[in-house]
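S.K.: need a structure here:
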Amino acid sequence: MSWNVQLELDPLLLERVRRFAGTRGWSLERALAQLVERGLLAAEAEALPRFDPSDDAALRAAIAAMEQIQDDPGFSLIGRAGGASRDEPQSAPEPRQLAAG
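M.R.: Now for the predicted structure:
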């Protein structure tokens with residue numbers, strides 16, 4: 001569905017939109033539609049929910065509690081190749097060479 005909207009824009013703003021459209025080879029209508037869409041996306045991003053102070057405090061308390069958990073040598077090895085301990089340096093894998101074709 002297409003909507004027709006009548007706008008009264010400041011002449012300087014309208015001229016900026018015309019120049020913007022011209023640099024991209026767009027019609028004035030397409031430029032306005034693109035600018036409204038981009039501006040709306042930016043405005044929506046600014047309006048994303050934020051933590052309120054009580055959420056922030058709860059998250060900080062949870063992180064602080066997790067930081068107090070003792071190291072578990074078994075858990076800390078998850079994802080480590082060869083079961084190397086935390087204190088042992090791990091060497092980088094050998095580089096692979098591509099076969100000549």
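
S.K.: Going by C-alpha atoms from here, please, whenever you check contacts or count neighbours.
M.R.: Will do.

S.K.: what's the spacing between the residue sitting nearest the centre point of the chain and Leu12?
M.R.: The centroid of the chain falls nearest to Ala45 when counting by C-alpha atoms, centre = their mean (10.5 Å). If you measure Ala45 against Leu12 using C-alpha to C-alpha, to the nearest Å, the figure is 27 Å.

S.K.: Over to Pro53?
M.R.: Pro53 is 43 Å from Leu12, where distance means C-alpha to C-alpha.

S.K.: Gln70: which element?
M.R.: Secondary structure from DSSP states H and E places Gln70 outside every helix and strand.

S.K.: Find me the pLDDT at it, would you?
M.R.: On the pLDDT scale, Gln70 is placed at 74.

S.K.: can you check Ser54 too?
M.R.: Residue-level confidence at Ser54 comes out at 83, pLDDT.

S.K.: ok, which stretches of this structure are strands?
M.R.: Assigned by DSSP state E, the chain shows no strands.

S.K.: Can you find the helix or strand of it with the lowest average pLDDT?
M.R.: helix 53-67 (a mean of 87; mean pLDDT, DSSP states H and E).

S.K.: can you give me how far it is from the chain middle?
M.R.: With C-alpha atoms, centre = their mean, to the nearest Å as the basis, the distance from the averaged C-alpha position of helix 53-67 to the chain average is 23 Å.
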